[in-house]
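S.K.: can you look at this prediction? I've put the sequence above it.
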Amino acid sequence: MGFARLFRSRWAAVFWSAGILWTAYDVADTAPAPAPEAASPNATAPQTAAGEPATQDATGSGFDMHDLQILANAG
C-alpha cells in the first residue's frame with residue numbers, strides 16, 4: 001500500500017499510525033535497564049572474615065576461586 005493511497009482514507013491513516021505507535025511502545029518497553037552506578041571511591045570496601053578486602057569484579061559483585069575455575073575451563 002503506497003502512502004498516497006493510505007492517506008486518502010482517514011481511518012486507514014488512523015489505523016496505520018496506531019500501529020506505528022504500538023510498535024514504538026513495544027520496542028521502548030523492552031529497553032535494557034540502566035547500568036548500576038559505581039560505588040564512590042570514598043565508600044568502604046567489603047572485607048572478608050580475616051579483615052582483608054573482598055575480591056570484586058567491575059560491577060562490585062564478589063567472586064571466589066570457584067568462579068575463576070569455571071571461567072578458565074569454559075574455553
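M.R.: Ah, there it is.

S.K.: pLDDT weak spots in this protein?
M.R.: 1, 31, 37-48, 51-53, 75 (pLDDT under 70).

S.K.: can you name the element that comes right after the longest helix seen in it?
M.R.: In the chain, assigned by DSSP state H, the helix with the most residues is helix 10-29. Next helix or strand after helix 10-29 toward the C-terminus (DSSP states H and E): helix 65-74.

S.K.: who are the contact partners of residue 57?
M.R.: By Cβ atoms under 8 Å, 6 or more residues apart in numbering, the contact list for residue 57 reads residue 63. (C-beta placed from N, C-alpha, C; glycine too.)

S.K.: that one and residue 18, how far apart?
M.R.: 45 Å (Cβ to Cβ, to the nearest Å).

S.K.: so what's the gap between the longest helix of the chain and the chain middle?
M.R.: Distance of helix 10-29 from the chain centroid (Cα atoms, centre = their mean, to the nearest Å) equals 25 Å.

S.K.: for it, buried residues please.
M.R.: Neighbour counts over helix 10-29 (16 or more other Cβ atoms under 10 Å) mark no residue as buried.

S.K.: tell me what that helix is packed against?
M.R.: helix 3-6 (3 or more Cβ pairs under 8 Å, 6 or more residues apart in numbering; DSSP states H and E).

S.K.: now do the helix it packs on: distance to the chain's middle.
M.R.: Distance, centroid of helix 3-6 to centroid of chain: 38 Å (Cα atoms, centre = their mean).

S.K.: hmm, who's touching that helix?
M.R.: 12, 13, 16.

S.K.: try stretch 15-30
M.R.: Taking Cβ under 8 Å, 6+ apart as the rule, stretch 15-30 contacts residue 6.

S.K.: burial of the nearest residue to residue 36 once chain neighbours are set aside, as a residue count?
M.R.: Closest residue to residue 36 apart from its sequence neighbours, by Cβ to Cβ, 6 or more residues apart in numbering: residue 59 at 6.7 Å. By other Cβ atoms under 10 Å, 9 other residues sit near residue 59.
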